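**Q** Next come a sequence and a model predicted from it.
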Amino acid sequence: MSEALLEITDLNAGYGGIPVVRGLNLRVNAGEVVALLGPNGAGKTTTLLTVSGILTMVSGSIKIFGSSISGERPEKIARRGVAHVAEDRSLFFDLSVEENLKLGLTGARERRAAAMQNALDMFPVLAPLLSRRAGLLSGGEQQMLAMARGLASEPKLLLVDEMSLGLAPIIVERMLPLVRKIADDTGAGVLMVEQHVNLALSVADSGYVMAHGELTMQGSAAELTANRALLESSYLGGAAIDH
C-alpha cells in the first residue's frame, strides 16, 4: 500500500479539551476521493477542522505526507499543500471573483497565472464573472468559487465540507463529479464530507461512516453502496439517503 497523503490514527478531537471525535482511524491516498459520512453532529466537520489545524487534537496522531502536524498552525499546514473548503465557503463577499481567487494563489508569477487558469478551466462558469462581487453570486456560483479558490492553491490534499449545503439537487449533481475530476486530473487526495450519500459514493473510492463521534462503518464505495439498508437504518436515517 502506498504512503497515505493523510493518515489519522486513534484521533480524539473536540472543543475545550472535550472529545467530540473519539478513536478515529482514517486514511486518504493520492488521487483518491474519500467520503466522510454520517448525520449532523457525528463529528465530521470537527475532523476536518482538526486536520487543517483550526482545532487542536486532544490525543492521537494526524500525519500529512508522512509527517505529524501536532502543534502546527493552520498557515503552516496550508503551506504543506492542504486546502480546506469550509462549510460556510469563507468567501470575501465585498471582493470580486478574481480577487477571491487570487487569495488562493501561491508561488512565482508564472505558476500563479497557470494555477488561476487551471481553476477557471475546472469551473468555466466563473470566467465571465471575474469582476463581479462574490456577494452577488448565486449559491451555486459561490460554492464553485470556494472550490476554485481551493484548487488555485494547487493542493495535494483537498478537504471539502458539505459542498452541497443549501444548493438545489440539480446543482449538486453537476458539482460532485468535479470532485472526482479534481482527484483524477491533479492527483490530489480529497476528503469530502457530504450529506448526499448516494451521490458522494458515486464519485468516491472509499467511505467512512461516523455516528456520535465514532467510526461505525468503513469500506469501498461499492461495499457501502451495497450496504444501503444498513446505512439507512443503523447510522444515517432515511432522511439522509437520496431516494
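**A** Looks like it came in fine.

**Q** How far off centre is stretch 182-202?
**A** Its chain's C-alpha centre and that of stretch 182-202 lie 8 Å apart, by C-alpha atoms, centre = their mean, to the nearest Å.

**Q** Please point out which parts of that stretch sit buried.
**A** By neighbour count on 16 or more other C-beta atoms under 10 Å, the buried set for stretch 182-202 is 182-183, 186, 188-197, 199-202. To be clear about C-beta, it is placed using only N, CA and C from the backbone, and glycine gets the same treatment.

**Q** quick one: low-confidence parts of this protein?
**A** 1-2, 107-108, 230, 233-243 (pLDDT under 70).

**Q** all strands for this protein, in order.
**A** Here the chain has its strands, by DSSP state E, at 6-15, 18-28, 33-37, 57-64, 67-68, 82-85, 157-161, 189-193, 206-211, 214-220.

**Q** Could you name the helices and strands sitting against the second one?
**A** Secondary-structure packing of strand 18-28 (3 or more C-beta pairs under 8 Å, 6 or more residues apart in numbering; DSSP states H and E): strand 6-15, strand 33-37, helix 44-51, strand 57-64, strand 189-193, strand 206-211, strand 214-220.

**Q** How about the last one?
**A** With contacts defined as 3+ C-beta pairs under 8 Å, 6+ apart, the secondary structure elements packing on strand 214-220 are strand 18-28, strand 206-211.

**Q** Pairing-wise in the sheet, spell out the partners of the most centrally placed residue in the chain.
**A** Centroid-nearest residue in the chain: residue 160, 1.7 Å away (criterion: C-alpha atoms, centre = their mean). Assessed by DSSP bridges, residue 160 has beta-bridge partners residue 85, residue 192.

**Q** domain ranges for this structure?
**A** With domains defined by automatic domain parsing, the chain comprises 1-81+156-238, 90-154.

**Q** quick revisit: ok, which of the helices and strands packed on strand 18-28 comes nearest residue 98?
**A** Shortest distance between residue 98 and the helices and strands packed on strand 18-28, using C-beta to C-beta, is found for strand 189-193: 24.9 Å.

**Q** who does that closest one touch, helix- and strand-wise?
**A** If you count contacts as 3+ C-beta pairs under 8 Å, 6+ apart, strand 189-193 packs onto strand 18-28, strand 33-37, helix 44-51, strand 157-161, helix 169-186.

**Q** returning to that earlier point: columns distance to residue 119 on top of the strands of the chain, output as a markdown table?
**A** What follows is the strands of the chain, written out as a markdown table (distance: least, C-beta to C-beta, whole Å):
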| stretch | distance to residue 119 |
| --- | --- |
| strand 6-15 | 22 |
| strand 18-28 | 21 |
| strand 33-37 | 18 |
| strand 57-64 | 22 |
| strand 67-68 | 27 |
| strand 82-85 | 11 |
| strand 157-161 | 12 |
| strand 189-193 | 15 |
| strand 206-211 | 26 |
| strand 214-220 | 30 |
